[in-house]
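**Student:** sequence plus the predicted model coming up.
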Amino acid sequence: MDPADPFDRAARRRQQRRAVPGFLHAAMAEEVAARVTAAGRGFDLALDIGGTGVRGRVATWALDVAPRPGVAVVADPDRLPVADGSVDLIAAFGLHAAGDLPGALILARRALAPGGLFVAALPGGASLAELRADLLAAEVALTGRAAARVMPTVDPAAAPALLQRAGFADPVVEVDRLTVRYADPWGLLRDLRTAGEGNILSAREPLRRDVLADAARRFAARADGRVAVTAEILYLTGWRGAAG
């Protein structure tokens, strides 16, 4: 493990090998595909990173961090083994788990042919705000400190600058907020594990049972019945210019 890498890439691969895409993944895939269609032009070859749903619509080369049916190449999105200018479309999931997000965006732009389109979906900064607040409060109350529990996310306000620094032309960032209701945090945590979105931080620490129990109590106290949990999704779009 690279001590400078914020994420444990081996843990990410283990999680993704057994991941089962859920309803949120399906909703994001529809939105990514809609943005590809809205581009109003055809694409000869696409690179699908993480299973975005464009396969079947465009001749596609599939890449993911773990082997699964239909995946042609296993690689990390910030270590793309793709020649410059070799694809016309890149549709990407999972960039929030790239150890070097700016680097991943630069590689994606380079991999595009002139006039190529980049579309990505990733969690925004408001995602899981309720769970993060309860875990933080419980850990501080019981241990006097807070450990890293949730993967960092991208602030929507910072996303356009990320695309611009990577060299994309006409960058667009759209924000969609969804609300999912849970009776308790166990259902939420189960959905995260099933989707392969567990904690893969290199500096992660074991979560004490009393901390988790206190966080669950705080979560349940937020409302009678089901608690609303925020899922903020950022859709990033950019083009490779003729001289990019």
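**Tutor:** Everything's here; your move.
**Student:** C-alpha only now, for contacts and for neighbours.
**Tutor:** Fine.
**Student:** who are the contact partners of Trp61?
**Tutor:** Taking C-alpha atoms under 8 Å, 6 or more residues apart in numbering as the definition of contact, the neighbours of Trp61 are 45-48, 71-72.
**Student:** so which of those residues is the most crowded?
**Tutor:** With neighbours defined as other C-alpha atoms under 10 Å, the most crowded of the contacts of Trp61 is Leu47; it has 27 neighbours.
**Student:** report the two of the contacts of Trp61 separated the most.
**Tutor:** The largest distance within these, taken as C-alpha to C-alpha, falls between Leu45 and Val71 and amounts to 15.1 Å.
**Student:** can I get the contacts of Trp61 in JSON lines with secondary structure?
**Tutor:** Shown next, in JSON lines, are those (DSSP: H, G, I helix; E, B strand; the rest coil):
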{"residue": "Leu45", "secondary structure": "coil"}
{"residue": "Ala46", "secondary structure": "strand"}
{"residue": "Leu47", "secondary structure": "strand"}
{"residue": "Asp48", "secondary structure": "strand"}
{"residue": "Val71", "secondary structure": "coil"}
{"residue": "Ala72", "secondary structure": "coil"}
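**Student:** next, format those residues as JSON lines and append pLDDT.
**Tutor:** Below are these laid out as JSON lines (pLDDT from 0 to 100):
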{"residue": "Leu45", "pLDDT": "92"}
{"residue": "Ala46", "pLDDT": "92"}
{"residue": "Leu47", "pLDDT": "93"}
{"residue": "Asp48", "pLDDT": "91"}
{"residue": "Val71", "pLDDT": "86"}
{"residue": "Ala72", "pLDDT": "86"}
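**Student:** would TSV of those with distance to Thr179 be doable?
**Tutor:** TSV is the format used below for the contacts of Trp61 (distance: C-alpha to C-alpha, whole Å):
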residue	distance to Thr179
Leu45	35
Ala46	31
Leu47	30
Asp48	27
Val71	31
Ala72	34
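**Student:** for those, which one is nearest Val229?
**Tutor:** Each of those was scored against Val229 by C-alpha to C-alpha, and Asp48 proved nearest at 28.6 Å.
**Student:** tell me what that closest one is bridged to.
**Tutor:** Note on Asp48: beta-bridge partners by DSSP bridges are Ala62, Ala91.
**Student:** check the gap between it and Val73 for me.
**Tutor:** 10 Å (C-alpha to C-alpha, to the nearest Å).
**Student:** name the residues contacting each of these two.
**Tutor:** Listed as contacting both Asp48 and Val73 by C-alpha under 8 Å, 6+ apart are 62-63.
**Student:** residue contacts, the closest residue to Arg12 other than its chain neighbours?
**Tutor:** With C-alpha to C-alpha, 6 or more residues apart in numbering as the measure, Ile200 is the residue that lies nearest to Arg12, at 6.1 Å, once sequence neighbours are left out. Contacts were defined as C-alpha under 8 Å, 6+ apart; by that measure Ile200 touches 7-9, 11-12, 151.
**Student:** do that again at 7 Å, thanks
**Tutor:** When contacts are counted by C-alpha atoms under 7 Å, 6 or more residues apart in numbering, Ile200 touches 7-8, 11-12.
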